[in-house]
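A.B. asks: make a model of this:
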Amino acid sequence: MIAGGRLSPGELLPSVRQLAAELEVNMMTISKAYARLEADGVIERVRGTGMRVREVIARGSLSDRRQELRPLVEQAVIRARQLQLNDEQILNVVQSVLKEHSP
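C.D. replies: Coordinates of the predicted model:
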């Protein structure tokens, strides 16, 4: 939900107990997931309040970030070619996804 933009920076996450009950999983599963997200810098603990989504700070230069994205785009283009999509069709899909995930 965070990566997809459905949870915004500063937004509070459900408590471990609440989310575990909602998803019908063990509370330790949620606790471990939250700990991992916190270690990765995606969420932060707010004393007395709970966990919230951290502000996204772009790391590295624009060139570095583009290079990180390139292999993922290459995989998508290769798959699109396997599906016999042309350039226009591929771009239409990309534009559609961009619209769905625009701020």
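A.B. asks: contact partners for residue 34?
C.D. replies: 13, 16, 43, 51 (CB atoms under 8 Å, 6 or more residues apart in numbering). (C-beta placed from N, C-alpha, C; glycine too.)
A.B. asks: and those, which of them are in helices?
C.D. replies: When helices are assigned by DSSP state H, the members of the contacts of residue 34 inside them are residue 16.
A.B. asks: now tabulate the contacts of residue 34 in CSV and tack on neighbour count.
C.D. replies: Listed next are the contacts of residue 34 as CSV, based on neighbours: other CB atoms under 10 Å:
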residue, neighbour count
13, 18
16, 18
43, 23
51, 20
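A.B. asks: what's the closest of the contacts of residue 34 to residue 29?
C.D. replies: Residue 29 lies nearest to residue 16 out of the contacts of residue 34, by CB to CB, at 9.3 Å.
A.B. asks: contacts only, for that closest one.
C.D. replies: Contacts of residue 16 (CB under 8 Å, 6+ apart): 27, 30-31, 34.
A.B. asks: buried ones in the helix ranked longest in the chain?
C.D. replies: Counting residues, the longest helix found in the chain (DSSP H) is helix 62-82. Neighbour-count burial for helix 62-82 flags residue 80 (criterion: 16 or more other CB atoms under 10 Å).
A.B. asks: what is the mean pLDDT for that helix?
C.D. replies: Helix 62-82 shows a mean pLDDT of 94.
A.B. asks: got it, and stretch 17-32?
C.D. replies: 95.
A.B. asks: so what are the domain limits for the protein?
C.D. replies: As given by automatic domain parsing, the domain ranges for the chain are 1-57, 62-100.
A.B. asks: tell me the most buried of these?
C.D. replies: Mean neighbour count (mean count of other CB atoms under 10 Å) peaks for domain 1-57 among these, with a mean of 13.
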